[in-house]
Each structure stands twice: as C-alpha cells, then as structure tokens.
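Peer 1: Compute the structure for the input listed below.
(one chain, ligands or ions: 1)
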Amino acid sequence: MKIDGKPYRSIWVNEDGWSAGIIDQTRLPHEFVTLRLATLEEAARAIETMLVRGAPLIGATAAYGMALAMQDDPSDDALKAAYDRLARTRPTAVNLRWALDAMMAALKPLGANARAEAAYAKAAEICDEDVEMNRRIGEHGLPLIRAAAAKKQGEPVNVLTHCNAGWLATVDWGTATSPIYQAHDAGIPVHVWVDETRPRNQGASLTAWELGHHGVPHTVIADNVGGHIMQHGMVDLCITGTDRTTATGDVANKIGTYLKALAAHDNGVPFYVALPSPTIDWTIDDGLTSIPIEQRAAEEVSRITGRTASGRIETVTITPEGSPAANYAFDVTPSRLVTGLITERGIAGASRDGLAALFPEHARR
Ligand code: MRU
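Peer 2: Next up is the predicted model:
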C-alpha cells in the first residue's frame, strides 16, 4: 500500500542487503517511524513489544529473525536457539509457529554455510506468499460487498471491523481490509466502522490511519457502540481478522471480537472472518479449550497514550491508584456465530466440512 504516494510493505530488507526494516507501529498514528532490525534479539523484542503485530506480520518478522540469526551464526545450536527464542514471543497467533516451522524445514537439512542465504530467500518467499494470499482474500470477499451495494441504491456499504487486520498486520493488503480496499478501488461506495479496540487501540490508531491514507471513508467508534448501530440497521456486514482458527472454524481474534459476533448474530448481520490459510491450526478442534490466550501487562489497561494539544505524546493513568486491571488480549468466537471464512481459496463455511472442502490436503477423517 502507499503512504503519501510511496509504496510500502510492513517489512522489508534494507539496502545493506541483510537487516530488516519495519514500521514502528507503537508510534502510529502520530508519527511514522521506520526501524532497523539487525539481530535475532531485536526481531524477537519487536514482536514482544508490538513494534510489529498482527498474525501474518508476526510470522514474517519471525522468519527474518531466523535469517538474522543465521547471518550471525548458522550452526545447528544457533538454529534451534533462534527457533525457541522466537516461538516464545507471543502465544496466540499460530502464523508464528507456521513461519518458524517453514524456516526450520528449509534450513535444517542444509549445511551451515548455505543457511544464511537460504534463510533470506525463504523469508522473502513467506512474505511474497502472504501478499498474494491477502490479494486473493480481497478478490473472494469483494463480491460480498458488491452484493450488499446492489441493495443500497448508491448508499455506502457499512462494514464494521475490529482491531487492525489491515496491511499493517500483514505484509500487504491486510486480511479483513483487503475486500474493503478492493471494493473502494473498484468504485463501490464503502464506509467502515472502526472499533477503537481497547486496550491498545489498534483500530483507532492503525486501522483508521491506514484507511485514511488510502482514502476509504471511515468512522472510529468506541468498542461498545457496535451493538447499538447493528440494532439500527447501520451495519451491513462485519469483517474481522483472526490470529488462530481451528480446523472446525472457531476463531481466536482480538479481545472483543466475540461480543461483536454475538451482536451480529442477534441482529442478522453477516459476520465474516478473513484469513490466509497459515492462520488455520489444523491440529486443534475446540478453540475455547485449546487456543492459548495471551495475557499482557495490566498497564496497557490502566494507562493510555495520546497526543496533547501542544503536540507532545504523553501517557496518562486512567484508573484509581491500587485498582488491579486484567488484560486478556484475545477471545474465541465459536464457529456457530461465523457466517463464513474468507480465505485465499474462496469462502469456506466455518466448520470442519467447510474448511476441508477448500483445503482437502488437511482434511482429517
Ligand atoms: O495483538 P495484535 O495487535 O497482534 O492482534 C492482532 C489482531 O487481533 C488482528 O485482528 C488479527 O491478528 C488479524 S491479523 C490480519
């Protein structure tokens, strides 16, 4: 996607040919700052501290983390240590494990002197594949928005999204946003309700920033607004991303997604989830009991950061001193609340049979 006319991906190899470039997502929307990752530890810290975030980008960053490790020391011990360090960074997004396993499978059989070059090639391949999968998610999701537009006689189609499943969360295009960008580019009037997504405000800070830079009309809403606007016919469809979807179609995504799915179900609003296939965890069936839910620092709830009228970025405390805060980062939406899963191969029913029909190579009897 473009920022002020300049094409960007969310991760790239710098001109030195080996270090990785990222956008510091903790500084958006107020400042656009790029950072250089030069070591395995810097890549791991970038994931842990959410300089980069979003399931596909976490996987892509981990892939470059492995490449940086191999550049430094391509031994068997260093390969295993890099895998283990990166695997510990964040627990919920399964793309992390998928990317690390893909890197390990490509690198382990090689002799040490061939590993660094192969690691960069594999990381680049993972990134290119992500871009192509997300582009195709957009192609498959576009007819949903087109069909909604046909009923609206020129009025914009209202799409509600949660968190940031945009190009910043992937290498490019985004997952939930890919159909939206493609609809907008095709001239279909579309307007996005952007959930602010407390506690880290990925919607208010990142999704709104992305949509604004692409010229897509949008409105930021507090997290509790979705139910009200669905009751009043102001949402035509919901599209969210996911960090891990089970083989039976249960969807783990940013905390609060489940409540939106409940409200959508109660109001007959279609609730779609967009995902590239590396987000599917084919090894598990029950999302509620099998998906590890990340719990993060209480300060992310008790404090909030923003720009003051004088332009300074400041963090303030919003809770009484001494009040404990809990910070569950993800929740699981059961498959029965999901209208369909928009994948790179088409729209699957949120069920074992629905997913197996599109991905027969993973079907379990
Ligand atoms: O904690 P985050 O910001 O990494 O969580 C990201 C989300 O929940 C996204 O909506 C999800 O990863 C989908 S990414 C295309």
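Peer 1: how about the residues of the protein that lie near the ligand?
Peer 2: Residues of the chain lying close to the ligand (Cβ under 6 Å from any ligand atom) are 53-56, 93, 163-165, 169-170, 175, 202, 241-243, 253-254, 329. (C-beta placed from N, C-alpha, C; glycine too.)
Peer 1: So which of the residues you listed sit within helices?
Peer 2: Among the residues of the chain next to the ligand, the residues falling in helices (DSSP state H) are Ala55, Pro56, Gln202.
Peer 1: Out of these, the closest to Leu341 would be?
Peer 2: Ala55 (14.1 Å; Cβ to Cβ).
Peer 1: My reading is that Leu341 lies in a strand. Confirm?
Peer 2: Yes. When the secondary structure is assigned by DSSP: H, G, I helix; E, B strand; the rest coil, Leu341 falls within a strand.
Peer 1: Who does it form a beta bridge with?
Peer 2: Beta-bridge partners recorded for Leu341 (DSSP bridges): Val273, Ala348.
Peer 1: residues in contact with it?
Peer 2: 245, 249, 251, 272-275, 347-350, 354-355 (Cβ atoms under 8 Å, 6 or more residues apart in numbering).
Peer 1: likewise Ala148?
Peer 2: Val157, Asp236, Leu237.
Peer 1: Now with 10 Å, please.
Peer 2: Going by Cβ atoms under 10 Å, 6 or more residues apart in numbering, Ala148 touches Pro156, Val157, Asn158, Val159, Ala183, Ile188, Val190, Asp236, Leu237, Pro270.
Peer 1: I figured Ile347 hits Gly141, correct?
Peer 2: Yes. If you go by Cβ atoms under 10 Å, Ile347 and Gly141 touch, sitting 7.6 Å apart.
Peer 1: Looking at these two, which is more packed in?
Peer 2: Gly141 (27 against 19; other Cβ atoms under 10 Å).
Peer 1: Figure out the helix or strand that the more buried one lives in.
Peer 2: helix 112-150 (DSSP states H and E).
Peer 1: how much distance is there from that helix to the middle of the chain?
Peer 2: Mean-position distance between helix 112-150 and its chain equals 13 Å (Cα atoms, centre = their mean, to the nearest Å).
Peer 1: any idea how far the residue nearest in space to the middle of the chain is from Leu355?
Peer 2: Nearest to the mean C-alpha position of the chain, by Cα atoms, centre = their mean, lies Gly54 at 3.2 Å. The spacing between Gly54 and Leu355, counted by Cβ to Cβ, to the nearest Å, is 22 Å.
Peer 1: Which residue ranges of the stretch 151-300 of the chain form helices?
Peer 2: 177-185, 202, 208-214, 226-231, 257-266, 287-290, 299-302 (DSSP state H, counting those that start in this stretch).
Peer 1: how far out from the middle of the chain is the third one?
Peer 2: For helix 208-214, the gap between its own C-alpha mean and the chain's C-alpha mean amounts to 16 Å (Cα atoms, centre = their mean).
Peer 1: Go through that helix and flag the buried ones.
Peer 2: For helix 208-214, the neighbour count (16 or more other Cβ atoms under 10 Å) marks Ala208, Trp209, Glu210, Leu211, His213, His214 as buried.
Peer 1: Would you mind putting those residues into TSV with distance to Glu294 alongside?
Peer 2: Shown next, in TSV, are those (distance: Cβ to Cβ, whole Å):
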residue	distance to Glu294
Ala208	23
Trp209	23
Glu210	23
Leu211	26
His213	28
His214	29
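Peer 1: With respect to the ligand, which of the residues you listed is nearest?
Peer 2: Checking those against the ligand by Cβ to the nearest ligand atom gives Glu210 as the nearest, at 11.8 Å.
Peer 1: For the ligand, what's the nearest residue on the chain?
Peer 2: Closest point on the chain to the ligand, by Cβ to the nearest ligand atom, is Gly241, at 2.6 Å.
Peer 1: and that residue, how many neighbours?
Peer 2: Here the number of neighbours of Gly241 (other Cβ under 10 Å) works out to 30.
Peer 1: ok, it to Asn95 distance?
Peer 2: Going from Gly241 to Asn95 by Cβ to Cβ gives 11 Å.
Peer 1: List phi and psi for the residue of the chain closest to the ligand.
Peer 2: Dihedral angles of Gly241 (phi, psi; degrees, to the nearest 10) stand at phi -100, psi -170.
Peer 1: Glu321 too?
Peer 2: phi -60, psi 130.
Peer 1: Could you give the number of residues near it?
Peer 2: 6.
Peer 1: residues in contact with it?
Peer 2: Here Glu321 is in contact with Ser302 (Cβ under 10 Å, 6+ apart).
Peer 1: Could I get the pLDDT score of it?
Peer 2: The model reports Glu321 with a pLDDT of 95.
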